[in-house]
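> The sequence isn't on hand, but the structure is:
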C-alpha cells in the first residue's frame, strides 16, 4: 500500500467517524425515531408505525439516569411551548400503577396527544374533550363521537369506564371534569376532592406521604394532561393523572 493510498484510507475513516458522530448527535439531541407499539393513537398513528420526535421544539432534556427526582433534570431553551393538540413522547410517570405514585421509568415511553397544558381547565362532555383556552376541537372528533354513542354496558371492564379520581363516582370515561392542570406557582385550595385529585403530584413534589390536609398547596412544577386519539381504548391521563414537565422527551413532528 502506497503512502497515497494510506492517506486516502485515513481520510475515509475520518469522514466515517464524523458521520457516525453526527448521526448520534442528531439522534440524541435533535430528532429521534420511535416505533409506536400500541393502538392508543389510532387512527392518527397505527400500531408499528415509526414517528419522528423533535427534541429541540420544547428544549433538549438533560438528566441523570441514576436519579428519579425532578431536580436531576435540566432542559435547554426550546423554540416554543407545548400546546393542546401537540402529540408528545414522554417517559411513563408510573412504574407500576398510579397507586404507587409518580416515578419515572426511562425504559418505557408513551405517545399521546396533549389535552391540557399547565394552568388549563379541561374536561369531557358526552365523550368530547374540551379545553377552555382552545376554540378548535382537541383530538379526533370521529373517535370521540364513537365513544359518545357507545353503550355503557359494552365496557366489559369497569376500570375502563371509571376515570380519575375514583372517589368521585359521577365521573366516567364520557363525562368528567372540570379540572385544572397544575402549573408552577399555582395555589389550590384543598378539600376532600382536590386533595385526592392532586395527591400524587403533591407527594411527588414533597417526597412525603400526605397524611393530613394542609389546606392549600402551591405547585413547584408544570404538568400536562394527555389523551389517546383512540378515545375508547387508551391508557392515559384520564386514568393515571398528570405528567411532570421534566418527563417529556419531545414533540412528534412526523412519521418515517
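Alright, I've got the coordinates. Remember, it's a predicted structure, so these values are computed and weren't measured experimentally. Numbers count the residues shown, from 1 in each chain.
> Quick one: residues contacting residue 233.
By Cβ atoms under 8 Å, 6 or more residues apart in numbering, residue 233 lies in contact with 39-40, 160. All C-beta spots, glycine's among them, are computed from the backbone N, C-alpha and C.
> Dig out what the residue positioned nearest the centre of the chain forms beta bridges with.
The chain has residue 90 as the residue nearest its centroid, 4.7 Å off, counting by Cα atoms, centre = their mean. Residues in a beta bridge with residue 90, per DSSP bridges, are residue 110, residue 248.
> What pLDDT does the model give it?
Residue 90 is assigned 95 on the pLDDT scale.
> doesn't residue 249 make contact with it?
Yes - the pair residue 90 / residue 249 is scored as a contact, 5.8 Å apart, by Cβ atoms under 8 Å.
> Can you get me a residue count around residue 130?
For residue 130, the neighbour count with other Cβ atoms under 10 Å is 18.
> One more: residue 57?
19.
> thinking again about what came up before, now the contacts of residue 233 as a markdown table including secondary structure and distance to residue 194?
Below are the contacts of residue 233 laid out as a markdown table (DSSP: H, G, I helix; E, B strand; the rest coil; distance: Cβ to Cβ, whole Å):
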| residue | secondary structure | distance to residue 194 |
| --- | --- | --- |
| 39 | coil | 33 |
| 40 | coil | 28 |
| 160 | helix | 25 |
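> between the residues you listed, which has the most around it?
residue 40 (22 neighbours).
> residues contacting residue 136?
Counting by Cβ under 8 Å, 6+ apart, residue 136 touches residue 85.
> Going by residue numbers, what spans are helices in the stretch 51-200 of the chain?
Taking DSSP state H, counting those that start in this stretch as the test, the helices found in the stretch 51-200 of the chain are 141-149, 192-206.
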